[in-house]
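Asks: fold the following for me, if possible:
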Amino acid sequence: MSLQKLHDSILQGDRIALGKAITLAESKLPEHQSEVEELLEAVMPFCGKSIRIGITGIPGVGKSTFIESFGNYLIKEENRKIAVLAVDPSSSISKGSILGDKTRMENLSKNENAFIRASPSTGTLGGVSSGTRETILLCEAAGFDTIFIETVGVGQSETAVYSMVDFMLLLLLPGAGDELQGMKRGIVELADLIAINKSDGDNLQKAKIAQAAYRQALHLFPAKENDWQPEVVLCSSLSGEGIDLIWNKIKSYEIFSKDNNSFFEKRKRQNVHWMKEILFKLVFEKYSQNPDLKAQLTNKEKLVAAGKMSVLKAARELMENIN
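Replies: As a prediction, this is how the structure comes out:
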């Protein structure tokens with residue numbers, strides 16, 4: 001499929017074309033990267049009109065089940081078009097991933113107004129894949145107005161997710177106790193809303209206790225830059241209880257942040273951050289692809305590993321060799 005045909009098909013909402021474009025974005029081949037660059041430039045005027053929502057939480061909190069319930073609600077009750085970018089952790093040994101999120105969202109995956117793409121993290125920090133930002137733009141160009149980014153969990157730094165979404169939703173389980181003590185402060189600080197999932201049946205009382213504990217904990221954190229006040233709500237993916245409340249909170253956040261212009265300023269900062277990330281990546285690729293620079297890099301690696309040169313000096317000398 002030619003780039004022009006791919007471009008036209010994406011704008012028409014063609015899922016096959018969208019899938020092919022995302023595969024190009026995830027490819028590390030130089031020729032594919034140049035094609036993606038050209039494609040993104042062409043679709044850029046049609047991007048940026050969605051609400052981008054990062055969804056994170058400890059493994060077992062029920063992120064996939066929640067997203068299916070939330071997505072079905074938004075499609076049915078709010079007439080939204082949902083794109084779910086689910087990232088599966090890659091093995092550090094085999095480099096493989098299960099990519100099973102689509103099977104865990106069986107009903108949502110069959111809905112014509114939903115698009116689910118499971119991608120491997122391939123060692124990328126922050127619980128996202130290397131082509132997640134590009135995929136967001138491609139989904140927006142295809143007409144999806146609500147983008148979910150499901151991360152691999154809180155075992156890695158979530159700042160990478162925060163740098164590409166408008167709203168961060170942190171899912172937790174009932175029972176504050178040790179979980180509250182063990183939560184990483186930075187993750188809670190990034191959250192725009194905390195939702196205690198599985199708040200039903202015998203869990204309901206424990207969920208209310210956890211809600212009170214997390215509300216108290218939020219008072220210990222400094223105010224957000226845009227003055228938004230995060231809240232703690234209860235929800236159940238199985239019964240659907242609280243799902244509408246979460247959406248209302250997200251809509252309130254969008255209105256609030258657009259009114260004080262922080263929504264748009266945040267996206268500007270995210271674009272600059274993305275550009276710098278790509279720049280650092282290109283600098284390293286230059287070393288990897290140039291035989292002379294690669295030899296110098298290999299030599300410095302040996303000196304650093306043997307303790308014969310400091311890391312700082314090695315990095316500085318390598319930078320001086322780039323013309």
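Asks: quick one: the helices in the stretch 51-200 of the chain?
Replies: 63-78, 101-104, 106-109, 132-141, 159-162, 177-182, 185-190 (DSSP state H, counting those that start in this stretch).
Asks: quick check: mean pLDDT of the longest one?
Replies: Spelled out, that is helix 63-78. Averaging pLDDT along helix 63-78 yields 95.
Asks: any idea how far that helix is from the middle of the chain?
Replies: Offset of helix 63-78 from its chain centre (CA atoms, centre = their mean, to the nearest Å): 17 Å.
Asks: helices and strands around it, which ones?
Replies: strand 51-57, strand 82-88, helix 101-104, helix 106-109, strand 146-150, helix 243-259 (3 or more CB pairs under 8 Å, 6 or more residues apart in numbering; DSSP states H and E). For every residue, glycine as well, the C-beta is placed using N, CA and C.
Asks: make CSV from these and add mean pLDDT and mean neighbour count to it.
Replies: What follows is the helices and strands packed on helix 63-78, written out as CSV (pLDDT from 0 to 100; neighbours: other CB atoms under 10 Å):
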stretch, mean pLDDT, mean neighbour count
strand 51-57, 93, 23
strand 82-88, 85, 25
helix 101-104, 55, 16
helix 106-109, 88, 14
strand 146-150, 94, 25
helix 243-259, 98, 16
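Asks: out of the ones you listed, which comes closest to Val304?
Replies: Nearest to Val304, of all the helices and strands packed on helix 63-78, is strand 82-88, at 31.5 Å by CB to CB.
Asks: ok, which of the helices and strands packed on helix 63-78 comes nearest Ala17?
Replies: Evaluated with CB to CB, the helices and strands packed on helix 63-78 place strand 82-88 nearest to Ala17, the distance being 14.0 Å.
Asks: strand partners of that closest one, parallel vs antiparallel please.
Replies: Using DSSP bridges, strand 82-88 pairs in its sheet with strand 114-120 (parallel), strand 146-150 (parallel).
Asks: got those strands as JSON lines, with distance to Ala210 columns?
Replies: Supplementary listing: the strands paired with strand 82-88 in JSON lines, determined by distance: least, CB to CB, whole Å:
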{"stretch": "strand 114-120", "distance to Ala210": "30"}
{"stretch": "strand 146-150", "distance to Ala210": "22"}
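Asks: out of those, flag the one nearest Ile58.
Replies: So among the strands paired with strand 82-88, strand 146-150 is nearest, using CB to CB, at 13.1 Å.
Asks: which other residues reach the closest one?
Replies: 50-56, 63-64, 67, 70-71, 74, 80-87, 101, 128, 132, 136, 139-140, 161, 164-165 (CB atoms under 8 Å, 6 or more residues apart in numbering).
Asks: sorry, back to before: in JSON lines: the helices and strands packed on helix 63-78, plus distance to Leu193.
Replies: As requested, the helices and strands packed on helix 63-78 are exported to JSON lines (distance: least, CB to CB, whole Å):
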{"stretch": "strand 51-57", "distance to Leu193": "10"}
{"stretch": "strand 82-88", "distance to Leu193": "18"}
{"stretch": "helix 101-104", "distance to Leu193": "22"}
{"stretch": "helix 106-109", "distance to Leu193": "21"}
{"stretch": "strand 146-150", "distance to Leu193": "14"}
{"stretch": "helix 243-259", "distance to Leu193": "5"}
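Asks: so which of these is nearest Asp192?
Replies: helix 243-259 (5.8 Å).
Asks: just want the angle from the next helix or strand after the closest one to strand 51-57.
Replies: Using DSSP states H and E, the helix or strand that directly follows helix 243-259 along the chain is helix 262-289. If you take axes from the mean of the first three to the mean of the last three CA atoms, to 10 degrees, helix 262-289 sits at 70 degrees to strand 51-57.
Asks: by contact count, what packs against helix 262-289?
Replies: Applying 3+ CB pairs under 8 Å, 6+ apart, we find helix 262-289 packed against helix 243-259, helix 291-305.
Asks: next, the buried residues of that helix.
Replies: For helix 262-289, a neighbour-count test (16 or more other CB atoms under 10 Å) marks Ser262, Phe263, Lys266, Gln270, Tyr287 as buried.
Asks: so Gln211, which of the three states?
Replies: helix (DSSP: H, G, I helix; E, B strand; the rest coil).
Asks: the closest residue to it other than its chain neighbours in helix, strand or coil?
Replies: Excluding its sequence neighbours, the residue lying closest to Gln211 (CB to CB, 6 or more residues apart in numbering) is Val232, at 5.0 Å. Secondary structure, three-state DSSP: Val232 is strand.
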